[in-house]
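In: next comes the sequence, and after it the predicted model I'd like to discuss.
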Amino acid sequence: MNQNIEYGKISVNLLVNIIYMSEDQELQRPYFPDTESLFTEFIQFYGGDVVEHLAENNAENPNADYIFQNPKIVAELKTFVKDVFSDPEDIPRIQELFTKWIETGDINGKELIDFLFLGKQLPQKCINELIERASKTIERAIHKANKQIEETKVTFNKEHASGVVFLINDGNYFFRNEEFVGVIANLINRKFIVSSFDVVIYLTVNQVTQKEDSELDYNIWIPIYTKVDEFGETIVSDELFHFVNDIGEKFLNDFLTLKTGHESKDFKKIETIDDALEELKKHNFIPKDIIYKK
């Protein structure tokens with residue numbers, strides 16, 4: 001799926017980490033069947049608290065997942081483990097679009113077959129409608145996370161804490177990484193400039209990417225901040241900025257190395273949005289049923 005990305009005023013920092021080298025025959029490619037449990041274990045490893053384990057937790061409220069005390073952070077985790085339009089209830093929605101496009105003459109029957117079975121490109125108008133429908137899933141996740149962080153700040157008397165949404169892509173191949181980031185950025189600019197969170201961190205775990213000129217597997221960590229000034233600079237405390245970069249490096253380097261036995265072959269930090277997008281465009285997903293034989 002290709003789209004024109006409208007990022008607007010956001011700030012992106014990209015951390016690219018390599019966790020597997022295919023010619024290393026002594027180590028198996030790591031796979032984590034439960035990424036939510038993995039990430040919760042990491043939060044505790046890093047020093048954060050799991051909200052449901054705290055005495056002050058109100059189970060009747062839609063609380064967020066994690067709290068950090070220094071700096072004060074309230075964070076929620078959302079995980080995408082399957083493709084958009086992959087559920088049985090999605091079939092009528094996609095069929096409705098196909099029928100509409102044929103009735104309006106946007107595509108003909110042959111073009112639809114070529115798209116479905118040969119992977120050929122749809123007209124841009126159809127792509128835009130698909131993206132709009134698909135982005136609703138991401139919007140609902142961010143909207144729910146926003147409410148959970150807001151509620152938790154009240155419950156734990158942390159109204160002035162920063163808010164973080166961790167968004168793990170672990171099976172959604174509909175969007176490429178740069179497109180997924182573009183959808184998040186677009187949603188922030190249109191609907192979440194005023195929100196209980198200050199940054200959405202998009203990351204991948206089992207969602208392996210590779211590049212044409214490399215035999216390595218890559219994980220990525222992309223913070224997308226919600227508030228920037230007229231120069232495109234992030235309006236955020238030094239504490240939050242340091243926290244986001246530090247926790248990303250600890251996850252990609254220390255924690256995944258500890259869990260897998262794979263030391264990072266390389267680690268790259270990219271600080272401008274243009275350079276980050278250029279890097280992301282080089283990365284191609286390898287589906288789980290191919291790379292993990294699952």
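Out: Received the coordinates, thanks.
In: in the chain, where's the longest helix?
Out: Criterion DSSP state H: the longest helix present in the chain is helix 124-155.
In: average pLDDT for that helix?
Out: For helix 124-155, mean pLDDT is 90.
In: try stretch 74-91
Out: What stretch 74-91 shows for mean pLDDT is 81.
In: ok, D266 touching Y218?
Out: No: using CB atoms under 8 Å, D266 makes no contact with Y218, being 9.1 Å away. Just so you know, the C-beta spots here come from the backbone N, C-alpha and C atoms, and that holds for glycine as well.
In: chain center to the longest helix of the chain, what's the gap?
Out: Centroid separation for helix 124-155 versus its chain: 12 Å, with CA atoms, centre = their mean, to the nearest Å.
In: just checking, what packs against that helix?
Out: Counting contacts by 3 or more CB pairs under 8 Å, 6 or more residues apart in numbering; DSSP states H and E, helix 124-155 packs against strand 73-80, helix 91-103, strand 162-169, helix 177-191.
In: the second one vs helix 124-155, what angle?
Out: Comparing the axes of helix 91-103 and helix 124-155 via axes from the mean of the first three to the mean of the last three CA atoms, to 10 degrees yields an angle of 150 degrees.
In: contact partners of helix 91-103?
Out: Contacting residues not belonging to helix 91-103 are listed as 85, 106-109, 112, 126, 129-130, 133 [CB atoms under 8 Å, 6 or more residues apart in numbering].
In: residues in contact with S162?
Out: Taking CB under 8 Å, 6+ apart as the contact definition, S162 lies against 71-74, 197-199, 236-237, 239-240, 243.
In: how close does it get to N63?
Out: 16 Å (CB to CB, to the nearest Å).
In: re the thing from before, Serialize the helices and strands packed on helix 124-155 to JSON lines and add fields for distance to Y292.
Out: Shown next, in JSON lines, are the helices and strands packed on helix 124-155 (distance: least, CB to CB, whole Å):
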{"stretch": "strand 73-80", "distance to Y292": "17"}
{"stretch": "helix 91-103", "distance to Y292": "26"}
{"stretch": "strand 162-169", "distance to Y292": "15"}
{"stretch": "helix 177-191", "distance to Y292": "19"}
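In: so which of the ones you listed gets nearest Q148?
Out: Between Q148 and the helices and strands packed on helix 124-155, the shortest gap by CB to CB is with strand 73-80, which sits at 4.9 Å.
In: ok, then the element right after the lengthiest strand in the chain?
Out: What stands out as the longest strand in the chain, according to DSSP state E, is strand 216-225. Next helix or strand after strand 216-225 toward the C-terminus (DSSP states H and E): helix 238-249.
In: what's that following helix in contact with?
Out: Residues contacting helix 238-249 (CB under 8 Å, 6+ apart): 13, 15, 46, 68, 71, 73, 162, 164, 198-199, 201, 203, 221, 223, 234, 267, 269.
In: let's go with 10 Å and repeat that
Out: With CB atoms under 10 Å, 6 or more residues apart in numbering as the contact definition, helix 238-249 has outside contacts at 11, 13-15, 17, 42-43, 46-48, 68, 70-73, 75, 161-164, 166, 198-199, 201, 203, 220-223, 225, 234, 236-237, 255, 264, 267, 269, 271.
In: what's the first helix or strand after it?
Out: Toward the C-terminus, helix 238-249 is succeeded by helix 256-260 as the next helix or strand (DSSP H and E).
In: tell me the strands beside whichever helix or strand comes after that following helix, with direction?
Out: Downstream of helix 256-260, the next assigned helix or strand under DSSP H and E is strand 267-270. Its sheet considered, strand 267-270 pairs with strand 14-21 (antiparallel) by DSSP bridges.
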